[in-house]
Each structure stands twice: as C-alpha cells, then as structure tokens.
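K.L.:
Fold the following and give me the result.
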Amino acid sequence: MRKAFVFVLSLLFSISYFLIPPVARAVCPVCTVAVIAGLGVSRELGVDDIVTSIWIGGLILSASFWTIDWIEKSKWREKIYKHVCKFRCGMTENQALKFWTILLMYLLVFIPLFFTHTIGIAGNTLWGIDKIVLGTGVGSVMFLVGTWIDKTVRKDRDGKQLFQFQKVVFPVVSLIIASVVFYFLTK
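P.N.:
Predicted structure coming up:
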C-alpha cells in the first residue's frame with residue numbers, strides 16, 4: 001500500500017507542476033458514483049481493473065480541469081483563491097488552485113474505493129502496485145499526453161484544428177491506445 005501512496009503522491013505533484021494545461025473544458029465533475037458503479041459493472045463483464053482504471057484516471061483529470069475552469073469563471077473565484085492561498089506551500093495562487101483541485105478530485109474517487117475495499121485486494125496488482133491505482137495513474141498521464149498533442153497541433157497550425165472535435169479525439173485516442181496495450185499486457 002505504501003508503494004501505491006508514493007506513486008499517487010508523485011503523480012499528483014508531477015501533474016500539478018509540469019503538465020497541467022492552463023484551461024480545459026471537459027466533463028461534469030459528478031463522477032465518483034459512476035466510477036464505482038462502472039468499475040463494478042466492468043468486473044462483472046470480465047474487464048481487467050487496470051483497463052477500467054485507465055479511463056477512471058482520464059475522467060478524474062478531465063473533471064479536475066472542468067472544475068478549475070469553472071472556478072476561474074465563477075463569482076466565488078476570489079473567495080476560493082483566498083482560502084487556497086492559506087495552503088500555497090510556495091506555489092502561486094493559480095498553481096495552488098490547480099494542485100488542491102486535482103488532489104481533491106483524486107481523493108473524492110480513491111477514498112470511497114478504499115473504504116469499499118475496492119483498492120487493496122490481495123493479488124490485484126501489476127508490478128507490485130494495485131491495478132486500480134496504477135491504471136488511474138497511466139490514464140491520467142495518457143489524458144495529459146492527448147491534451148498536449150492537441151495543444152501542440154493547434155500551436156503549429158496557428159490555433160486551427162486538423163478536424164472537428166480534435167480536442168476530444170486526441171485524449172480519447174490516447175486512452176484507447178493505453179487500454180489496448182494494457183489489455184494485451186495483462187492477458
């Protein structure tokens with residue numbers, strides 16, 4: 001369990017400091033119940049936890065970006081920044097908002113998974129890390145890779161897309177690629 005905690009903490013710091021895009025609009029953040037239900041259904045269908053968790057990682061990060069974007073545009077922005085500034089730990093206000101929002105989103109998913117004994121099942125590991133924790137980390141990184149590719153393409157084309165819905169397609173395709181790789185890796 002200690003390896004999983006260190007992995008998640010390292011992932012959160014990496015994401016918050018180096019990889020967070022400045023603005024992203026994504027899905028609704030009301031997803032914790034759907035994540036637990038989806039994990040249960042996928043287990044019943046025989047889908048490996050790591051494959052399901054890749055999508056959970058993408059969803060958590062997407063919900064985090066959606067929430068950050070909403071806060072930036074809300075009338076409560078200044079109040080939220082005032083409270084976040086108490087826990088800046090050397091970060092700028094914007095970095096602190098992103099870090100604490102992302103941390104909260106991961107906790108809102110992982111705490112119920114922990115208390116429902118969905119995480120930490122003996123033998124449900126890959127490379128010594130719980131499959132759900134590892135898959136969530138991989139999914140988060142792959143979501144960021146897809147987002148980065150979209151931003152890079154837009155930058156190279158002076159803000160223009162290659163095709164409609166590119167902003168959605170690149171992150172989804174990166175999650176699909178990771179899912180296929182880990183599907184065959186765990187077979």
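
K.L.:
Need phi/psi at the residue located most distally from the centre of the chain.
P.N.:
For the chain, the residue at maximal distance from the C-alpha centroid (CA atoms, centre = their mean) is Asp158, at 27.8 Å. Backbone torsions for Asp158, taken as degrees, to the nearest 10, come to phi 60, psi 40.

K.L.:
Please identify the helix or strand for the residue at minimal distance from the centre of the chain.
P.N.:
Note on the chain: the residue nearest the mean C-alpha position is Leu61, at 2.8 Å, using CA atoms, centre = their mean. Per DSSP states H and E: Leu61 is located in helix 49-73.

K.L.:
Now that helix: buried residues?
P.N.:
Residues 49-68, 71 are the ones in helix 49-73 that count as buried (16 or more other CB atoms under 10 Å). (Glycine included, C-beta is placed from N, CA and C.)

K.L.:
Off-centre distance for that helix?
P.N.:
On the basis of CA atoms, centre = their mean, to the nearest Å, helix 49-73 is displaced by 4 Å from the centre of the chain it belongs to.

K.L.:
Check the gap between the residue nearest to the centre of the chain and Gly128 for me.
P.N.:
Distance, Leu61 to Gly128, by CB to CB, to the nearest Å: 24 Å.

K.L.:
pretty sure Val138 contacts Ile56?
P.N.:
No: in this structure Val138 lies outside contact range of Ile56 using CB atoms under 8 Å: 10.3 Å.

K.L.:
And the lowest mean pLDDT element among the helices and strands of the chain?
P.N.:
helix 2-14 (a mean of 52; mean pLDDT, DSSP states H and E).

K.L.:
per-residue confidence for Ser140?
P.N.:
Looking at Ser140, its pLDDT is 91.

K.L.:
what do you get for Ala63?
P.N.:
Ala63 is assigned 84 on the pLDDT scale.

K.L.:
Was I right to think it contacts Tyr106?
P.N.:
No: counting by CB under 8 Å, Ala63 stays clear of Tyr106, with 10.1 Å between them.

K.L.:
Give me the common contacts of those two.
P.N.:
Counting by CB atoms under 8 Å, 6 or more residues apart in numbering, Ala63 and Tyr106 have no contacts in common.

K.L.:
Please give the centre-to-centre distance between the host helix or strand of Glu78 and its chain.
P.N.:
Under the criterion of DSSP H and E, Glu78 resides in helix 77-84. Centre-to-centre, helix 77-84 and its host chain are 23 Å apart (CA atoms, centre = their mean).
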